[in-house]
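Attaching a predicted model along with its sequence, questions to come.
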Amino acid sequence: MTRFPLHLDLAGRRVLVVGGGPVAARRVRGLQSAGAVVEVVSRAIVDGFPDVPVTPRTFVPDDVDGAWLVLACTGVVDDAVAAACAPRRIWCVRADDASLSDAWMPAVARVDDVVVSVTAGRDPRRAMALRDALTLAIETGDLPLRRSRNGTGSVAIVGGGPGDPDLLTVKARRLLAAADVVVRDRLAPVVPIADGVEVVEVGKVPGGPSWAQRDIEALLVDRALQGRRVVRLKGGDVHVFARGMEEVTACFRAGVAVEVVPGLSSALAAPTYAGIPLTARGVTQSFTVVSGHLPPGDPGSTVDWDVLARLGGTLVLLMAVGRLGAICAALIAGGRGEDTPVAVLQDATLASQSVLVTTLARASVEAQGVTAPAVVVIGEVVGLRQ
């Protein structure tokens, strides 16, 4: 009989596994992932064996009746299992000696809706090594994942991190590799996008032209309803001083499938890249992240700067560089010491990153040349900077 690898669809197929050891357990998990209906015959099974029906006895030839595929994984009665399958014309895969099998199983990887199977000259370890390498390349978006045909549209709202593309999550890279449309913020990391992908820049430029939030939401919904995979690439994290929740809500209301992928906030990354710990034993046990988008005293502000001044700990300000003078004055008026160390971190994590170290009293003057995006760190931890 001609021997060949089995790449066929196992969904709903009855598969018999003879054996209850580690090899059988690994094969059963793979069969379950493929949707097979698995039954096991074995006198005993190892701890942690997958939850499948097990007949606890020695194999008998009639066990193979009705099976579409049989896997012999005992190392003891595999000859008998293969002998029972041959006259019944049932495929039998032997774990003990692939050269004696009528067929053999490939090493299979499943990542989202992508399935890769690998055979390597009947060398299972070589096949598994190749499979693992392909799996990693798929998961990190290093292989082309974009569909050639439209399917069910979706939106992924992705936090892109503080700017350095190396700080993108693995899932973010995979989604970008599969995207048909990328809707990009101004502060999102600059990453390579495949040819043919629609890229829409919707960044809000301070004092300049900007997309209305409702128009961004309508764009996401429109492209998804066309059957396209949309990635909304935002700077930082999706829900840290961003409008990710509004975009999620718009997708829900339109009946569009949506997922949210967290990103590394600049509130955490910027101090680390500048050599500043947000907390340190014996110095501070807390940090607070605050939006400085509105200055102290603004009717729309919900920040109590007097409380923050008394709270102590580390204070991290985002979107505050243009209002730094008023904020520093409010903190000093609330009781924070004028000599409290302050660090102003511009273009954090990028090659253009710069760090200005000053004090609460001098920050408004010394930071006049700093422009957004910038993160401000206030507290004794600034003095620990390496």
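Great, that's in hand.

any idea which residue of this structure is furthest from its center?
P87 (49.5 Å; CA atoms, centre = their mean).

I'd guess that one is in a helix, am I close?
No: counting by DSSP: H, G, I helix; E, B strand; the rest coil, P87 is located in no helix; its state is coil.

ok, it to R110 distance?
34 Å (CB to CB, to the nearest Å). C-beta here means a position set from N, CA and C on the backbone, and glycine is covered the same way.

now the helices: where do they sit in the stretch 151-300 of the chain?
Using DSSP state H, counting those that start in this stretch, the helices of the stretch 151-300 of the chain run over residues 170-178, 213-225, 244-254, 266-273.

Make a markdown table out of those helices and add distance to S117 and mean neighbour count.
Shown next, in a markdown table, are the helices of the stretch 151-300 of the chain (distance: least, CB to CB, whole Å; neighbours: other CB atoms under 10 Å):
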| stretch | distance to S117 | mean neighbour count |
| --- | --- | --- |
| helix 170-178 | 19 | 21 |
| helix 213-225 | 31 | 18 |
| helix 244-254 | 34 | 16 |
| helix 266-273 | 39 | 22 |
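
how about the ones you listed, which one is nearest R131?
Nearest of the helices of the stretch 151-300 of the chain to R131, taken as CB to CB: helix 170-178 at 16.9 Å.

The closest one packs against which elements?
helix 124-139, strand 154-159, strand 229-234, strand 257-261 (3 or more CB pairs under 8 Å, 6 or more residues apart in numbering; DSSP states H and E).

Out of those, the one nearest P271 is which?
So among the helices and strands packed on helix 170-178, strand 154-159 is nearest, using CB to CB, at 17.8 Å.

angle of the closest one against helix 213-225?
130 degrees (axes from the mean of the first three to the mean of the last three CA atoms, to 10 degrees).

Could you spell out the sheet neighbours of strand 154-159, each with its direction?
Its sheet considered, strand 154-159 pairs with strand 229-234 (parallel), strand 257-261 (parallel) by DSSP bridges.

Show me the shaky parts of the stretch 101-250 of the chain.
Within the stretch 101-250 of the chain, the ranges that satisfy pLDDT under 70 run 205-208.

quick revisit: turn the helices and strands packed on helix 170-178 into TSV, including distance to A250 and mean neighbour count.
Shown next, in TSV, are those (distance: least, CB to CB, whole Å; neighbours: other CB under 10 Å):
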stretch	distance to A250	mean neighbour count
helix 124-139	29	16
strand 154-159	9	25
strand 229-234	11	27
strand 257-261	9	17
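
out of those, nearest to E39?
Proximity to E39, assessed across the helices and strands packed on helix 170-178 by CB to CB, is greatest for helix 124-139 (23.2 Å).

Just give me the neighbour total for the closest residue to A98 other than its chain neighbours.
Distance criterion CB to CB, 6 or more residues apart in numbering; nearest residue to A98, sequence neighbours excluded, is R122 at 4.5 Å. Counted by other CB atoms under 10 Å, the residues lying close to R122 total 14.

Contact partners for T340?
Residues near T340 by CB atoms under 8 Å, 6 or more residues apart in numbering: L331, T359, L360, I378, G379, E380.

Kindly provide the distance from the closest residue to the fourth one other than its chain neighbours to A343.
Same thing as I378. Nearest residue to I378, sequence neighbours excluded (CB to CB, 6+ apart): L315, at 4.2 Å. In this view, L315 and A343 are 11 Å apart by CB to CB.

so how far is the helix or strand hosting L71 off the chain centroid?
Using DSSP states H and E, L71 falls within strand 69-72. In terms of CA atoms, centre = their mean, to the nearest Å, the centre of strand 69-72 is set 36 Å apart from its chain centre.

Can I get that strand in CSV, CA atoms only?
Output in CSV follows, covering the C-alpha atoms of strand 69-72 (Å, rounded to 0.1, in the frame of the first residue of the first chain):
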residue,chain,number,x,y,z
LEU,A,69,-8.5,6.4,11.6
VAL,A,70,-6.5,4.4,14.2
LEU,A,71,-3.4,5.5,16.1
ALA,A,72,-1.3,2.8,17.7
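
From the rest of the structure, what touches it?
6, 10, 13, 15-19, 24, 27, 31, 36, 64, 78, 81-82, 85, 90-96, 103, 105.

got the buried residues for the host helix or strand of L308?
Using DSSP H and E, L308 falls within helix 305-311. The neighbour-count check on helix 305-311 (16 or more other CB atoms under 10 Å) flags W305, L308, A309 as buried.

Report the buried residues of the helix or strand hosting V23.
Element membership of V23, judged by DSSP H and E, is helix 22-33. Of all the residues in helix 22-33, those buried under the rule 16+ other CB under 10 Å are V23, A24, A25, R27, V28, G30, L31, Q32.

what does stretch 360-372 give?
Buried-residue list, stretch 360-372, by 16+ other CB under 10 Å: L360, A361, A363, S364, E366, A367, V370.

Going by distance to G151, which of the residues you listed wins?
Looking across those and measuring by CB to CB, the closest to G151 is V370, at 46.4 Å.

quick one: the closest one and Q285, what's the gap?
Taking CB to CB, one finds V370 at 29 Å from Q285.

try L311
For L311, the distance to Q285 (CB to CB) stands at 12 Å.

Kindly report the same for G322.
In terms of CB to CB, G322 sits 31 Å off from Q285.

okay, the two: which has more neighbours?
G322 (16 against 11).

what about that one, which SS state?
When classified by three-state DSSP, G322 comes out as helix.

doesn't A372 make contact with it?
Yes: the pair G322 / A372 is scored as a contact, 7.0 Å apart, by CB atoms under 8 Å.

Outline the domain layout of this protein.
Per the record, the chain has its domains at 4-105, 154-261, 267-384, by automatic domain parsing.

can you list contacts of stretch 248-256?
Stretch 248-256 is contacted by residues 153-155, 157, 217-218, 220-221, 224-225, 257-258, 260 when judged by CB under 8 Å, 6+ apart.
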